[in-house]
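>>> With the input below, show me the fold.
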Amino acid sequence: MIPKKIEEAFGEQIKHELESAYIYLSMAAYFDAEGFAGMGAWMRAQVQEEQTHAMRFYKHIVERGGHVKLHPLAMPPQDWKSPLAAFEAAYEHELFITAKIDGLVKLAQAEGDHGSATMLQWFVDEQVEEEANSSKVVQDLKLVGNDGRGILMLDRELGTRTFVLAPELSALYAMGAAAGA
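A predicted model of the protein is given here:
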């Protein structure tokens, strides 16, 4: 059985993960409107990734006999001054999520919830990757500056990113699809 404090905190984290997806979808819309199809594609892959993060928390709560309670989502920003400003905002958001994950790790340890602590280790590792990926794009955008050719090359490179659903979540998504059929 999942401890009540963990269930509530994980429910809150589902909200943060879905807000992340919402922010990145807003960034994708910004990039698409500005003609940066590759950056838009990168952000759409990020949207899918954040949705699966929310589902990892959902799955954990359900598997441990808890009840998922959803929270309202905040309205995301709609516009940025530049691609660099958008990716800087994405990096800052990932730092925020890292702090939230770190808080959940501390809570799981304080509650003696080893099952949640083990599950959270995946998120600790994931946040290292998330920060590195967004930071790298920020660095690349700073390097190319206002060079249009450099920005277009980077846009094309970012457009090659693809999303792959984690195998352990495939069954959860399939279960939902079968239940709705």
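>>> residue contacts, the residue nearest the centre of the chain?
Closest to where the C-alpha atoms of the chain average out (C-alpha atoms, centre = their mean) is residue 50, at 3.0 Å. Residues counted as contacts of residue 50 (C-beta atoms under 8 Å, 6 or more residues apart in numbering) are 17-18, 20-21, 24. Heads up, the C-betas are built off the backbone N, CA and C, glycines and all.
>>> redo that, cut-off 6 Å
17, 20-21 (C-beta atoms under 6 Å, 6 or more residues apart in numbering).
>>> Show me how far the one helix or strand it maps to is from its chain's centre.
Assigned by DSSP states H and E, residue 50 belongs to helix 37-63. Chain-centre distance of helix 37-63: 5 Å, with C-alpha atoms, centre = their mean, to the nearest Å.
>>> Going forward, the N-terminal residue is numbered 27.
Will do, 27 is the new start, and the previous item becomes helix 63-89.
>>> Now it: buried residues?
64-87 (16 or more other C-beta atoms under 10 Å).
>>> Can you name the next helix or strand after that helix?
Following helix 63-89 in sequence order, the next helix or strand is helix 109-137 (DSSP H and E).
>>> From the contact counts, what lies against that following helix?
If you count contacts as 3 or more C-beta pairs under 6 Å, 6 or more residues apart in numbering; DSSP states H and E, helix 109-137 packs onto helix 30-60, helix 140-170.
>>> List the buried residues in it.
By 16+ other C-beta under 10 Å, the buried positions in helix 109-137 come out as 109-110, 112-117, 119-120, 123-124, 126-127, 130-131, 133-134, 137.
>>> Tell me where this protein is predicted with low confidence.
Flagging of the chain using pLDDT under 70 yields the residue ranges 198-207.
>>> Confirm for me that residue 134 is in contact with residue 141.
No. Residue 134 is not in contact with residue 141 according to C-beta atoms under 6 Å; the separation is 8.4 Å.
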